[in-house]
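Novice: Generate a structure from the sequence data that follows.
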Amino acid sequence: MHELFMFADRRSTPAFWIGSLFVVVGVLLHLPMFLMARSMHYMMAGMPMSAGMLWGMAFILGGIAAAAYGLQPKASSTDVMGAHERIVAPEDAPLTIRHLLAGGALAIALVIDIMKPAALGFVTPGMRVEYALGPAMVAFLPFSALLGTVLGSFVWGALADIYGRRATILLSAVMFIGTSICGAMPSFDWNLFMCFLMGAAAGGMLPVAYALLAEIMPTRHRGWSLVVVGGVGAVGGYLAASGFSALLQPTFGWRIMWFLNLPSGLILIALSPLIPESARFLMHIGRPDEARAILQQFGSVVVTETEDWDEEAALDHSHLPPVDKRYLGPTVALTLVGLVWGFVNFGLLLWLPAELMAEGRDMAVAATIIARSSLIAVPVVAVAAYLYAAWSTKRALLAMIAVTALGLFSLMLRQTGLPILADPTLPVALLIIGSTGVISILLPYAAENYPLRIRGRATGWVAGCSKSGGLICQTMSVLAAVPGIGMAALAIAVTTLMGFALVAAYGRETRGRDLRELER
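Specialist: Modelled structure (predicted):
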């Protein structure tokens, strides 16, 4: 069991499983109150919280703490640096069935991860009716979720560099299970709090999964696999959210969408044998024997370095990227691109239906325009993966940023009354193509631009910034300060061009690049 699940020691294994069991029990203690509301179509607004629910919360808090203890890595006293050992491959390894299984497991993890925030749009109508909420109050729900994802990306990215990639993913899965109780909360305030925690758990898994995948895939296959896994996660997450909503909500109401966190979190834990810890991280914390065992599964080895080891240079990668001058240029560039994606995805595309209705189009027509344009998201992911792997990582990102900018300028020029832009389909399609391509490439590209010791923090920072753009837009919605579409498109277009210029100036070409070069 110890070798299979990669816990720090024998005491950690029962700590993790007992903690996970406590979290599951805590969620199950909330189900009786939910089932009691069956005659009211599972509407629980105003119901008092039972003793079982309070005990359940205590079980969940204690279980998460125990699971976190069980996942805490135990560094060895082995002086890995003094041993002059380094990993040869996965850069030099062939693609094996073990790589494909790990990639598939991480793709499923991202589907589950993205399904959580994607479900917000499907639960809001039912929540609004049950709690009798106005538009301003409803806006607090996505605001709370996005705030959680922003902070989660920052915190979990840092934890990935301390706990390890795999351990952080499993801890996120345990938190997923615990946040299932959002479906039993009787008040809107409790839903806001639990939605924040759910966002925190979801926001952390995305960048960590990219960091882990970048470290286990061979160089020749790293580019396309990163983009494909991310694209499958994004598209699959939205399809899963819409599919489960259509299947379950008519019978069980909106609350069932949150209770899905229980089985989905258990699926992630069940897949844990397929998700390896990063051998690089294991070497870093002084566990070379476990690193060798992982590398053997992936066709890689550890060799002895013959040249002198520059210890000062090896230990000089520990600063948070935004404050380290060596990484400041790429970090600022990717930060701006992440903000732009958030502005477009959580701002313009959400504000656009109201703008189209103000032009005299009904809601059905506005929704049809956006839905028709969204059909191109799947082929865009495939094209992005091809360009990223076969052409150029840097230029592929620049191309997608350029398409986004073109869509923004097209949307802005609509306000001038140009006949060719009277139909909003073209600007919307350009925005969806650009934003889909950007988010498919952005985090894989970030994971390939930073060395091991800060890769989790760096990727988490960029992921958090992509959500921060949405958080800013939602804040404007809450304050009823949403600008006109033309003015908003102009402001975002200026930021987009700045991001484009900085990526062109400071971005690195990572296609076919050995990640070991980043450690020198």
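Novice: Quick one: residues contacting Ile275.
Specialist: By C-beta atoms under 8 Å, 6 or more residues apart in numbering, Ile275 lies in contact with 102, 105-106, 109, 166, 169, 212. Every residue, glycine included, has its C-beta placed from N, CA and C.
Novice: Give me the distance between it and Ala109.
Specialist: 7 Å (C-beta to C-beta, to the nearest Å).
Novice: which neighbours do these two share?
Specialist: Common contacts of Ile275 and Ala109, defined by C-beta under 8 Å, 6+ apart, comprise Ile169.
Novice: burial count for the closest residue to Leu101 other than its chain neighbours?
Specialist: Excluding its sequence neighbours, the residue lying closest to Leu101 (C-beta to C-beta, 6 or more residues apart in numbering) is Leu274, at 4.9 Å. Using other C-beta atoms under 10 Å, Leu274 has 16 other residues around it.
Novice: What of Gly126?
Specialist: Neighbours of Gly126 (other C-beta under 10 Å): 19.
Novice: Can you say which helix or strand has it in it?
Specialist: Applying DSSP states H and E as the criterion places Gly126 in helix 120-131.
Novice: Equivalent analysis for Tyr163, please.
Specialist: Using DSSP H and E, Tyr163 is not contained in any helix or strand.
Novice: what sits against it?
Specialist: By C-beta under 8 Å, 6+ apart, the contact list for Tyr163 reads 71-73, 171.
Novice: Counting neighbours, which bits of the helix holding Gly126 end up buried?
Specialist: Judged by neighbour count (16 or more other C-beta atoms under 10 Å), helix 120-131 contains these buried residues: 120, 122-124, 126-128, 130-131.
Novice: which of those residues lies closest to Gly499?
Specialist: Distance to Gly499 across the buried residues of helix 120-131 (C-beta to C-beta) is lowest for Leu120, with 26.6 Å.
Novice: roughly how far apart are that closest one and Trp351?
Specialist: Leu120 sits 16 Å away from Trp351, going by C-beta to C-beta.
Novice: got the CA positions of the next helix or strand along the chain from the helix holding Gly126 in PDB?
Specialist: Later in the chain than helix 120-131, the nearest helix or strand by DSSP H and E is helix 135-138. Once non-C-alpha atoms are left out, helix 135-138 reads as follows in PDB (Å, rounded to 0.1, in the frame of the first residue of the first chain):
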ATOM      1  CA  PRO A 135     -30.000  40.200  -9.700                       C
ATOM      2  CA  ALA A 136     -27.500  42.100  -7.500                       C
ATOM      3  CA  MET A 137     -27.600  39.400  -4.800                       C
ATOM      4  CA  VAL A 138     -27.300  36.600  -7.300                       C
END
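Novice: pLDDT on stretch 245-254, on average?
Specialist: Averaged across stretch 245-254, pLDDT comes to 86.
Novice: Can you give the distance from that stretch to the centre of its chain?
Specialist: How far stretch 245-254 lies from its chain's middle: 25 Å, per C-alpha atoms, centre = their mean, to the nearest Å.
Novice: again with stretch 403-419
Specialist: Counting by C-alpha atoms, centre = their mean, stretch 403-419 is centred 30 Å from the centre of its parent chain.
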